[in-house]
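In: Here's my sequence, what's the structure:
(2 chains)
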There are 2 protein chains.
Amino acid sequence: MVETIEWTDEGVVLIDQTLLPLKERQVLLTDVHGVANAIQTMKIRGAPAIGVAAAMGLALVARQAATDDSMAFLQELEDARNQLAATRPTAVNLFWALDRMMRLARRTIDAGISVTVDRLVKEAQAIKAEDIKMCRAMGDHAVELFSEGATVLTHCNAGALATAGYGTALGVIRSAYREGRISRVFADETRPLLQGARLTAWELMQDEIPVTLITDNMAAFFMKEGRIDAVVTGADRIAGNGDVANKIGTYGVAVLAKYHGIPFYVAAPSSTFDLSLSSGREIPIERRHKDEVTHLFGIRIAPEGVEVENPAFDVTPVEMVTAIITERGILKPPTAEGIREMLGGG
Amino acid sequence: MVETIEWTDEGVVLIDQTLLPLKERQVLLTDVHGVANAIQTMKIRGAPAIGVAAAMGLALVARQAATDDSMAFLQELEDARNQLAATRPTAVNLFWALDRMMRLARRTIDAGISVTVDRLVKEAQAIKAEDIKMCRAMGDHAVELFSEGATVLTHCNAGALATAGYGTALGVIRSAYREGRISRVFADETRPLLQGARLTAWELMQDEIPVTLITDNMAAFFMKEGRIDAVVTGADRIAGNGDVANKIGTYGVAVLAKYHGIPFYVAAPSSTFDLSLSSGREIPIERRHKDEVTHLFGIRIAPEGVEVENPAFDVTPVEMVTAIITERGILKPPTAEGIREMLGGG
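Out: Numbers count the residues shown, from 1 in each chain, chains lettered A, B, ... in the order given. Here you go, the predicted model:
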């Protein structure tokens, strides 16, 4: 499988996810503007993956800095940080990765610019390597949650393409499938941008994991028929109390799961938690362009001039979340105290 | 607004709903094969509208019958009836209209073929005229259900295009909007065939009723935000106990409405009730072609060869239905006894 994102001598290489699965085209990004644009236009998406991309964007800026003045160097980084931070508001991994890079830069700058550049380039690559490791750890922890041959529903794409590799929700699914605990995945297509149809179905087919593609509004039908044993999704930001922001539609799936007595699991690395927010009500929800709803691959599918709302995320209250799977273990049920303990014990 | 379906000297004229809203193209159907194909491919859709189309299909057969033998004439009608009945299994109005036409034919045939032809042509037109009248009656009854300025969500298209005119759910909305009881409509786009985006949004914009188009998976978001006061949908078949079969996704919306304490209303003429079925479990659910999910306007939006399920309808249990609005009055709450009384008292 093609790598989601790579650091190379020429720049950042990523697969353009807006074109999948029809075209597998890699793009080379040689400066921070290219990286910011790729995040904003969702050439790369998924909370952990945009964290990695943002870190690499800062590493590019560092490597290209044409100054021997430490303050000017840090200012260049700070400007780039602000540009990258403005791309998408909801996923907190973006800010987490940017802050981690900036803290390192400030801590290292006294040793000189070239040392700092070297450290930043290594840090961006470390963030990527850690992400894959965390996904595999989540998978290991989660296997026990599923009984033999379970069928699961997933929403959006929290797969290798949404991370540095392996995936959060799809990482859990990959591990549990390998152990015989999961036998089939129902993939919601996930309108408006169809990450389920275009990315999740594609990833699972490449791994030969049985997948059934359905439209978002079919999930309730299959739950009622008793054909879905569990739901697993990723997360873009988790508040201190355990409320989960994730792709629009996740909250509806959680309500349906609760109504049908089906467990609802969230898989997310610890970088997804935002302890500065006491509840999900404080999580900023990105509103995207109406064309995402009215057009598909450039074709208009709704009347010209129709009013549209296009919230890109929603918040699932913690009481609907059966468990949160992290690289450090499983929070079942998630509680504010459990979250603080887990993060403090890192 | 263009008429959904018309009876003319040349044949049946209908607007091709698969092309809306991009193209407003009328098609002329001169024989029963054309009518059956138009129903099967959803050039015309919506339970009441396909009832009217099927009746007109039989009227075409009668008018074209080239026999002076009564038995042969009835056999031709019977063959056409079977062809039309095989087009779509779920909406009962189709069978209701066909049975009504066939009963009339058998009752009239002793008076001669030409009398019978005349009666059948008039009956098909009567079914259309009654349908419009029933839609307006539903609208009149339903106004009281909404408090001033309410916002409602509707799913799929139960509008003028789904009926002979005015609409069931959209008829209710039109009447309540005119009385100031409804101020805005949220229209689910209704994947896979996008009847909400293509037809409902278009109809409401033509009537200058404020409409906000959303993807199906956003309904829960707006319910949670307190921005939806009621849900109104149509129905394709209602069992004797009040269970409602309607476009896929309706059941999920009903669960969400129940969870958020929002009333869920169904608007349907009495021809939608099927007293031969004691519950919704007995309603046949049409499964349509996987290409409807994997392609949009001929463009592939999912990986080649992906497995798909495509149930076209689901069943909402009666306990989730706040009221059923019919042309004879409102069943609130709907009960098996109330349904029998209402239909018996017709």
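
In: Listing partners with orientation, what would you give for the top strand by length along chain A?
Out: Counting by DSSP state E, the longest strand found in chain A is strand A:182-188. Strand pairing for strand A:182-188, using DSSP bridges, gives strand A:150-154 (parallel), strand A:211-214 (parallel).

In: With mean neighbour count and mean pLDDT added, can I get those in TSV?
Out: Just so you know, the C-beta spots here come from the backbone N, C-alpha and C atoms, and that holds for glycine as well. Formatted as TSV, these follow (neighbours: other Cβ atoms under 10 Å in any protein chain shown; pLDDT from 0 to 100):
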stretch	mean neighbour count	mean pLDDT
strand A:150-154	24	98
strand A:211-214	24	98
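
In: mind giving me CSV with these and columns for distance to residue A:309?
Out: Shown next, in CSV, are those (distance: least, Cβ to Cβ, whole Å):
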stretch, distance to residue A:309
strand A:150-154, 25
strand A:211-214, 24
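
In: closest one to residue B:226 among those?
Out: Within the strands paired with strand A:182-188, the stretch nearest residue B:226 is strand A:150-154; the backing value is 27.1 Å (Cβ to Cβ).

In: Now the helix or strand just after the closest one: average pLDDT?
Out: Using DSSP states H and E, the helix or strand that follows strand A:150-154 towards the C-terminus is helix A:169-178. Summarised as a single mean, pLDDT over helix A:169-178 is 98.

In: List the buried residues for helix A:169-178?
Out: By 16 or more other Cβ atoms under 10 Å in any protein chain shown, the buried positions in helix A:169-178 come out as A:169, A:170, A:171, A:172, A:173, A:174, A:175, A:176, A:177.

In: what packs against that helix?
Out: helix A:113-142, strand A:150-154, strand A:182-188, helix A:201-206, strand A:230-233, strand A:264-267 (3 or more Cβ pairs under 8 Å, 6 or more residues apart in numbering or on different chains; DSSP states H and E).

In: Now do the contacts for residue A:240.
Out: Listed by Cβ atoms under 8 Å, 6 or more residues apart in numbering or on different chains, the contact partners of residue A:240 are A:273, A:274, A:275, A:276, A:277, A:278, A:279, A:336, A:339, A:340.

In: so what's it closest to, chain neighbours aside?
Out: Distance criterion Cβ to Cβ, 6 or more residues apart in numbering or on different chains; nearest residue to residue A:240, sequence neighbours excluded, is residue A:275 at 4.6 Å.

In: Let me know the distance separating the one you found from chain B.
Out: Separation of residue A:275 from chain B (Cβ to the nearest Cβ, to the nearest Å) stands at 24 Å.

In: That residue contacts residue A:344, doesn't it?
Out: No: at 9.5 Å, residue A:275 and residue A:344 do not qualify as touching, with contact defined as Cβ atoms under 8 Å.

In: higher neighbour count, these two?
Out: Ranked by neighbour count (other Cβ atoms under 10 Å in any protein chain shown), residue A:275 and residue A:344 place residue A:275 first, with 14 against 8.

In: Would you map the helices across the stretch 1-150 of chain A?
Out: A:32-40, A:47-64, A:70-85, A:92-108, A:113-142 (DSSP state H, counting those that start in this stretch).

In: Quick check: buried residues in the last one?
Out: By neighbour count on 16+ other Cβ under 10 Å, the buried set for helix A:113-142 is A:113, A:116-121, A:123-125, A:127-128, A:130-132, A:134-139, A:141-142.

In: Then the shortest one?
Out: Of the residues in helix A:32-40, A:32, A:34, A:35, A:36, A:38, A:39 count as buried by neighbour count, 16+ other Cβ under 10 Å.

In: One more: the second one?
Out: When burial is assessed from 16+ other Cβ under 10 Å, helix A:47-64 yields the following buried residues: A:47-62.

In: nearest to chain B, of the residues you listed?
Out: Nearest to chain B, judged by Cβ to the nearest Cβ, of the buried residues of helix A:47-64 is residue A:47 at 18.3 Å.

In: returning to that earlier point: can you redo the contacts of residue A:240 as a markdown table with secondary structure, pLDDT and distance to residue B:286?
Out: Putting these into a markdown table (DSSP: H, G, I helix; E, B strand; the rest coil; pLDDT from 0 to 100; distance: Cβ to Cβ, whole Å) gives the following:
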| residue | secondary structure | pLDDT | distance to residue B:286 |
| --- | --- | --- | --- |
| A:273 | strand | 98 | 45 |
| A:274 | strand | 97 | 45 |
| A:275 | coil | 97 | 50 |
| A:276 | coil | 97 | 50 |
| A:277 | coil | 98 | 46 |
| A:278 | coil | 97 | 48 |
| A:279 | coil | 98 | 43 |
| A:336 | helix | 97 | 47 |
| A:339 | helix | 98 | 46 |
| A:340 | helix | 97 | 51 |
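
In: Most neighbours of all those, which one?
Out: residue A:273 (25 neighbours).

In: now it, nearest residue through space, not along the chain?
Out: Once flanking residues are discounted, residue A:273 sits nearest to residue A:238: 4.9 Å by Cβ to Cβ, 6+ apart.

In: Do you know the pLDDT at the one you found?
Out: On the pLDDT scale, residue A:238 gets 98.

In: The host helix or strand of it pairs with which strands, and in what direction?
Out: In this structure, residue A:238 is located in strand A:237-239 according to DSSP H and E. Take DSSP bridges as the rule and strand A:237-239 pairs in its sheet with strand A:244-247 (antiparallel), strand A:273-274 (parallel).

In: coming back round to it: most widely separated two among the contacts of residue A:240?
Out: A:279 and A:340 (14.3 Å).

In: Might you report the residue contacts of residue A:207?
Out: A:174, A:177.

In: Show the model's pLDDT score for it.
Out: 97.

In: ok, now residue A:164?
Out: Note on residue A:164: pLDDT of 95.

In: That one and residue A:202: what is the separation?
Out: 18 Å (Cβ to Cβ, to the nearest Å).

In: Burial check on the residue nearest to residue A:273, number of neighbours?
Out: 31.

In: Was I right to think it contacts residue A:244?
Out: Yes: Residue A:238 is within contact range of residue A:244, at 5.3 Å (criterion: Cβ under 8 Å).

In: Give the buried residues for the longest strand of chain A.
Out: A:182, A:183, A:184, A:185, A:186, A:187, A:188.

In: could you dump these to CSV with pLDDT?
Out: Listed next are the buried residues of strand A:182-188 as CSV, based on pLDDT from 0 to 100:
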residue, pLDDT
A:182, 98
A:183, 98
A:184, 98
A:185, 98
A:186, 98
A:187, 98
A:188, 98
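
In: Spatially, which two of these are the most separated?
Out: Farthest apart among the buried residues of strand A:182-188 by Cβ to Cβ are A:183 and A:188. That separation is 18.1 Å.

In: re the thing from before, looking at the buried residues of helix A:169-178, spot the one nearest residue A:146.
Out: Nearest to residue A:146 among the buried residues of helix A:169-178, with distances taken as Cβ to Cβ, is residue A:176, at 4.8 Å.

In: ok, so what distance separates the residue nearest to the closest one when sequence neighbours are not counted from residue A:327?
Out: Closest residue to residue A:176 apart from its sequence neighbours, by Cβ to Cβ, 6+ apart: residue A:182 at 4.2 Å. From residue A:182 across to residue A:327, the span is 20 Å (Cβ to Cβ).

In: Flag the shaky bits of the stretch 201-346 of chain A, pLDDT-wise.
Out: Within the stretch 201-346 of chain A, the stretches with pLDDT under 70 are A:345-346.

In: could you pull out the helices for it?
Out: A:201-206, A:219-224, A:250-259, A:291-294, A:336-344.

In: Output the contacting helices and strands for the last one.
Out: Taking 3+ Cβ pairs under 8 Å, 6+ apart as contact, the helices and strands that helix A:336-344 lies on are strand A:329-331.
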